[in-house]
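Novice: the following comprises the amino acid sequence and a computationally predicted model.
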Amino acid sequence: MTAPISFALDDAPLEQVWARLDLVMDPELDEPVTDMGFIEAVSVIRTAPDQNTSTVHVSFRLPTYWCSPNFAFLMAEGIKRQIEVLPWVGQAVVTLQDHMAADEMNAAINAGASFGTVFAELQPDEDLAALREKFDIKAFQRRQEVVIKAMVAMGFLPTEIVKMPRALVETAEFSDPDAARQKTRYLAILDEKHLAPDPRDLAFPTYQGARIDDYAQYMDLLRSVRINMEFSGSLCRGLKRSRYQEADLSGDVPILVDFTAPNPTHACR
């Protein structure tokens, strides 16, 4: 699979777009769509340098032809929302490629229509607000586990962890790059969900805002969430590699790519 393609007259606008794309998460995995390799191409059309009339085109592609439409919609919506935050962007045009609902999805996202409006017959009871909340909980728990384990590695005991103030985590310096990254993301979700706005608040509340009661049991819960998300992430990456790799599809025995491409003869780029 080739690397994402980018076009622009200069790099500054493009760098800003990629920085915004880094903030768009695969909702199920809590990993940036950029890290997952979902972004296929980005182009910036500068129509008026001093006005917010520039158009940004982003195309993305998911691991399989039948990836859940609601997951795809959340990502497409996130891409459009994050890019249109940029003051010089008049419009972000998002294109989902090689997906069973691509036509409906692209029309809905770029027209500002809701998921329910377009997919009412397919998933009449789908509530994307509830789905977002479900994924927010998992993201919170995954990030929290990393930060807790980093604090434990620094020598803090469970009895100290459960009553630790946010201020102590804010000043902690982690040598592990992933722990440092997740610390920033964890503090951000604490702010977003208003779980610990004050430096004196509990650094590690439950998602419901309560103090951790049974530390060992709670850590088992966080571990199970992480393992499930890591497995799903590995599966997504594997399916994506299999779908877009150069492969000989002439044999009689089906292989993984036969099941992940809508049309096997056009599966490879």
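Specialist: That came through fine. Please read these numbers as outputs of a predicted model, since none were measured by experiment. Numbers count the residues shown, from 1 in each chain.
Novice: which residue ranges of the stretch 51-200 of the chain form helices?
Specialist: Using DSSP state H, counting those that start in this stretch, the helices of the stretch 51-200 of the chain run over 69-83, 102-111, 115-119, 128-153, 158-161, 166-171, 177-192.
Novice: of those, which shows the lowest average pLDDT?
Specialist: Per-segment confidence across the helices of the stretch 51-200 of the chain bottoms out at helix 115-119, which has a mean of 77 in mean pLDDT.
Novice: which of the helices of the stretch 51-200 of the chain sits most buried?
Specialist: helix 69-83 (a mean of 21; mean count of other Cβ atoms under 10 Å). For glycine as for every other residue, the C-beta is placed from the backbone atoms N, C-alpha and C.
Novice: so what's the gap between the longest helix that the chain contains and the chain middle?
Specialist: For the chain, the helix with the greatest residue count under DSSP state H is helix 215-244. For helix 215-244, the gap between its own C-alpha mean and the chain's C-alpha mean amounts to 14 Å (Cα atoms, centre = their mean, to the nearest Å).
Novice: kindly report the same for stretch 168-180.
Specialist: Distance, stretch centre to chain centre, for stretch 168-180: 22 Å (Cα atoms, centre = their mean).
Novice: repeat for stretch 19-38
Specialist: The chain centroid and the centroid of stretch 19-38 are separated by 4 Å, computed with Cα atoms, centre = their mean.
Novice: buried set for that stretch?
Specialist: By 16 or more other Cβ atoms under 10 Å, the buried positions in stretch 19-38 come out as 20-21, 23-31, 33-34, 36-38.
Novice: quick check: end-to-end length of that stretch?
Specialist: Using Cα to Cα, to the nearest Å, the span of stretch 19-38 from its first residue to its last is 15 Å.
Novice: thinking again about what came up before, could you export the helices of the stretch 51-200 of the chain as TSV, including distance to residue 220?
Specialist: Below are the helices of the stretch 51-200 of the chain laid out as TSV (distance: least, Cβ to Cβ, whole Å):
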stretch	distance to residue 220
helix 69-83	27
helix 102-111	38
helix 115-119	34
helix 128-153	10
helix 158-161	13
helix 166-171	22
helix 177-192	19
